[in-house]
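Q: quick one, what's the 3D model for this:
(chains A and B)
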2 protein chains.
Amino acid sequence: LRATAQRDRIRGIAAELFAAKGYNGVGVAELGDAAGLGRGALYHHIGSKEDLLYEIASRYMVELIRGGQEIAASTPEPVERVMALGSHLMSTIVANLAEMTVCFREVNALTGHHHKTVSKYHSDYQKLWEDVIALGVARGVFRPVDRVTIKGLLGMYFYSFLWLRKDGYHSPEKIGKIFGDIVVRSLAA
Amino acid sequence: LRATAQRDRIRGIAAELFAAKGYNGVGVAELGDAAGLGRGALYHHIGSKEDLLYEIASRYMVELIRGGQEIAASTPEPVERVMALGSHLMSTIVANLAEMTVCFREVNALTGHHHKTVSKYHSDYQKLWEDVIALGVARGVFRPVDRVTIKGLLGMYFYSFLWLRKDGYHSPEKIGKIFGDIVVRSLAA
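A: Numbering: from 1, shown residues only, chains lettered A, B, ... in the order given. Here you go, the predicted structure:
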């Protein structure tokens, strides 16, 4: 249990550093200094720097997917589900801004199996939106759209990591509602 | 003139490296190696690494603003202007993918006067979209929207640097049309 807590702590520190300076801009020595650990202790806890990036990026995608799946299961009406998915996405981004910044921006710094898995998570998450749109099309409330439309609409949410502030003018709920409204209007049949 | 050509060449190489590895992930030694120049010659041409980032980020924002202003002057009809601004934005991003990636992602690596100027360019560009929306509202074709709506819609375009490929499935023109359509539908009065 103490090892898990230590790992969580290191992951949080790493996410802040990666978000601020970019993954390639942070060395292992800097990570160790920030965590108050020597090189050996750091490697003992995290494996490698890429393992750490992988854990940050995959953990929050898994959370997004799990939350999204719960919403999909409990919200059969397509417009309501779009609004709920959007609010969940927005509040997850705001609550974990450093982690989500790393998660969106640094996917391509991952290699091999790590890259494949996180890319798969991104597709799985996108699939939740493809499904609700397909459902809305079947029910006659949404128009059929190209996949690039979904990429664009998700990009609207994702890009917010670059301008959102936790103490910003609007609450995440309010931004989620405004963005959900854009999605629903733009998809209306 | 030869100095200008050399500078342009270094700027292109730097944009590719910054886009691939992040600004903080690229050292001056690596820049010099990639450009085939020693430290002294490199500094002679570029000033500092931050000067180089500033030149990349400001040059393409200035291009975006200038092009956008021409479109605004020549396209009085709001829906048409939204479509034209969107196409221009999309084709500028695709044609200069490395530079625009740096431009969107690395603004916060700039300091002092550099940061202030590039932030101002970003607001100036956003202003072109605020103006066309205000015009559409005045003409009764668009609904009044919150500023965060505009941030979201621009984010849809901007985020594309993370998934666009020059040899992608859709042409930039097609993506510009699809995104313009989303904007117009979501703004419709």
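
Q: name the residues that touch stretch A:157-176?
A: The contact list for stretch A:157-176, computed with C-beta atoms under 8 Å, 6 or more residues apart in numbering or on different chains, reads A:83, A:86-91, A:93-95, A:97, A:100-101, A:104-105, A:178-179, B:104-105, B:146, B:148, B:151-152, B:155-156, B:158-159, B:162. Any C-beta I mention is one placed from the backbone N, CA and C, and that applies to glycine too.

Q: quick one: buried residues of that stretch?
A: By neighbour count with 16 or more other C-beta atoms under 10 Å in any protein chain shown, stretch A:157-176 contains the buried residues A:157-162, A:164, A:170, A:172, A:175-176.

Q: what's the span of it, first residue to last?
A: Counting by C-alpha to C-alpha, to the nearest Å, you get 8 Å between the two ends of stretch A:157-176.

Q: next step: the buried residues of stretch A:157-176 restricted to helices.
A: With helices taken from DSSP state H, the overlap with the buried residues of stretch A:157-176 comprises A:157-158, A:172, A:175-176.

Q: name the nearest of the residues you listed relative to residue A:11.
A: residue A:158 (20.8 Å; C-beta to C-beta).

Q: any idea how far that closest one is from residue B:46?
A: 32 Å (C-beta to C-beta, to the nearest Å).

Q: just checking, residue A:102 touches residue A:23?
A: Yes - the criterion here is C-beta atoms under 8 Å, and residue A:102 meets it with residue A:23 at 7.0 Å.

Q: contact residues of chain A facing chain B?
A: Residues of chain A found near chain B (C-beta under 8 Å from any C-beta of the partner chain) are A:21-26, A:104-105, A:146, A:148-149, A:151-153, A:155-160, A:162-163, A:169-170, A:174-175, A:178-179, A:181-183, A:185-186, A:188.

Q: type out the PyMOL command that picks the buried ones from these.
A: Only the buried entries of the residues of chain A next to chain B go into this PyMOL selection, using 16+ other C-beta under 10 Å:
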select buried, chain A and resi 21+22+23+24+25+26+104+105+148+149+151+152+153+155+156+157+158+159+160+162+170+175+178+179+181+182+183+186
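
Q: the helices in chain A, which residues?
A: Going by DSSP H, chain A shows helices at A:2-21, A:28-35, A:39-46, A:49-74, A:78-95, A:97-105, A:112-138, A:147-158, A:172-187.

Q: just how off-centre is the fourth one within its chain?
A: What it means is helix A:49-74. Relative to the centre of its chain, helix A:49-74 is centred 7 Å away, using C-alpha atoms, centre = their mean, to the nearest Å.

Q: just the angle between that helix and helix A:39-46, please?
A: Using axes from the mean of the first three to the mean of the last three C-alpha atoms, to 10 degrees, the direction of helix A:49-74 lies 20 degrees away from that of helix A:39-46.

Q: report pLDDT for the most centrally placed residue in chain A.
A: In chain A, the residue lying closest to the centroid (C-alpha atoms, centre = their mean) is residue A:100, at 4.6 Å. Reported pLDDT at residue A:100 in the predicted model: 91.

Q: with residue A:7 instead?
A: Residue A:7 is given a pLDDT of 88.

Q: count of neighbours near it?
A: For residue A:7, the count of nearby residues is 15 (other C-beta atoms under 10 Å in any protein chain shown).

Q: quick one, what contacts it?
A: A:45-46, A:55.

Q: so which of the residues you listed wins on neighbours?
A: Of the contacts of residue A:7, with other C-beta under 10 Å as the count, residue A:46 tops at 23 neighbours.

Q: verify the contact between it and residue A:10 for me.
A: Yes - Residue A:46 lies in contact with residue A:10 (C-beta under 8 Å); the separation is 5.8 Å.

Q: please enumerate the shared neighbours of those two.
A: residue A:52.

Q: for residue A:109, give me the pLDDT.
A: Reading off the model, residue A:109 has pLDDT 89.

Q: now do the contacts for the nearest residue to it once chain neighbours are set aside.
A: Sequence neighbours aside, residue A:23 is the residue nearest to residue A:109 in space, at 4.6 Å (criterion: C-beta to C-beta, 6 or more residues apart in numbering or on different chains). Contact analysis of residue A:23 by C-beta under 8 Å, 6+ apart lists A:49, A:53, A:102, A:106, A:109, B:22, B:25.

Q: quick check, nearest of those residues to residue B:114?
A: Out of these, the member with the shortest distance to residue B:114 (by C-beta to C-beta) is residue B:22, at 17.3 Å.

Q: grab the nearest non-local neighbour of the closest one.
A: Counting by C-beta to C-beta, 6+ apart, the residue nearest residue B:22 is residue A:22, at 2.9 Å.

Q: need the contact list for that neighbour.
A: Applying C-beta under 8 Å, 6+ apart, the residues near residue A:22 are A:105-106, B:21-25.

Q: so where's chain A shaky on pLDDT?
A: Chain A contains residues with pLDDT under 70 at A:1, A:166-167.

Q: ok, and what's touching stretch A:72-82?
A: So stretch A:72-82 is contacted by A:71, A:84-85, A:128-129, A:131-133, A:135-136, A:139, A:141-142, A:180, A:183-184, A:187 (C-beta under 8 Å, 6+ apart).

Q: please apply the same query to stretch A:134-151.
A: A:78-79, A:81-82, A:126, A:129-130, A:133, A:186-189, B:160, B:163, B:169-170, B:174-175, B:178, B:182.
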